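Q: below are the sequence and a predicted model for it; my questions follow.
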Amino acid sequence: MDRRFITVLGASLLFALLVSTVFYQMTSNRGSGPKAAEATNMTDMVVAKKLLGPGSTIKPDDVQIIKVAKDNFPKGAFSTIEQVVDRPIVMTILQDEPVIDGRLAQRGAGTGLAPIIPVGMRAVSVRVTDVSAVAGFVLPGMRVDVLVTGRPQNAKDTITTTVLQNVQVLSTGTSLQADPRGQAIQAPTVTLLVDPKNAEILTLANNEGRIQLILRNGSDESAAPTQGVNVAQLYSKAGAKAFSSGPTEDQPRPRIIYREVAPKPTAVVAPAPPPMPEQIVVIRGDKRSVETIKPAAAAVPNPGPGDAN
């Protein structure tokens, strides 16, 4: 009896264990199926913890890892922090924005302005004033034209001419990015991005004349043909237009048309009324009377001896 009981009990326990194992596997697979599939569709992505400006180098504390769907992983993004540490930033990266390879320079490219300069281009700084820098509104990222005023060798007049057009501003003073509030930046120098040939032109213009930066619309990429203007031309053309109200040589003279105008009607003046007779009050004793004095007739001149006939 004891052996039979032990055998039945053992078989029952074994069956119960087998049922429990099968039930556990079924329930665990049912609950973890979607979550497991979702977990396998996620990946790591490096994003900025704060605003990162150009000219600086990424530090480990500047970035963090977040989970994103593989389908939303941007091209050029990074999955580990080690891939971006010590790489210079060439374009602004906003907070929580993915760190993209195109906004970073290679390690060893340097810090500050150097990694921002594209291969084959040059950065040239020119002296400016509040006037020549458009009151400080020439900001990094904007586009300008460069004018120079000076007197060429053997020339009699000072001339102003456009030497460069549609030039990108790299920095204003030491600022590599514009003020986020759009405020002006007062600085003694502005750094422009040009090719090697235009770097020579810009340097010569900065040394031989006075530089004036002309701010232009960033979407305007057209090149305006100009020939410059000297002092004589300024006063002969522009001055004539500014100070004279008459037509200039470049403007057609107006055609004069004569028309007969009817005479204005003559106003009819009414004759003056006759003078009113004067009246006086005469008192004689206790009597009082009013007498009228007739106006004297106009005197007729006496005819002279020769006017008798």
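A: Thanks, I have the structure now. For clarity, every value in this text was computed on a predicted model and none was experimentally measured. Numbers count the residues shown, from 1 in each chain.
Q: okay, the residue nearest to N166 when sequence neighbours are not counted: pLDDT?
A: Nearest residue to N166 in three dimensions, chain neighbours excluded: R143, at 5.4 Å (C-beta to C-beta, 6 or more residues apart in numbering). Glycine gets a C-beta too; all of them are placed from N, C-alpha and C. We have a pLDDT of 91 for R143.
Q: do the same with N41
A: 87.
Q: okay, now the residue nearest to N166: neighbour count?
A: 19 (other C-beta atoms under 10 Å).
Q: please apply the same query to K67.
A: 9.
Q: contacting residues around it?
A: Neighbour list for K67: M42, T43, D44, M45 [criterion: C-beta atoms under 8 Å, 6 or more residues apart in numbering].
Q: what do you get if the cut-off is 6 Å, keeping everything else the same?
A: Shown in contact with K67 (C-beta atoms under 6 Å, 6 or more residues apart in numbering): M42.
Q: I figured L51 hits Q95, correct?
A: Yes. Assessed by C-beta atoms under 6 Å, L51 is found in contact with Q95 at 5.5 Å.
Q: related to what we said a few turns ago, show me what contacts the residue nearest to N166?
A: R143 neighbours (C-beta under 6 Å, 6+ apart): N166, R216, G218.
Q: measure the last one to T203 for me?
A: Same thing as G218. Applying C-beta to C-beta, to the nearest Å, the value for G218 to T203 is 25 Å.
Q: okay, now A16: neighbour count?
A: 10.
Q: next: G150.
A: Residues lying near G150 (other C-beta under 10 Å) number 16.
Q: which non-adjacent residue is nearest it?
A: G150's closest residue in space is G209 (C-beta to C-beta, 6+ apart), at 3.0 Å.
Q: what is the burial count for the one you found?
A: Residues contacting G209 under the criterion other C-beta under 10 Å number 19.
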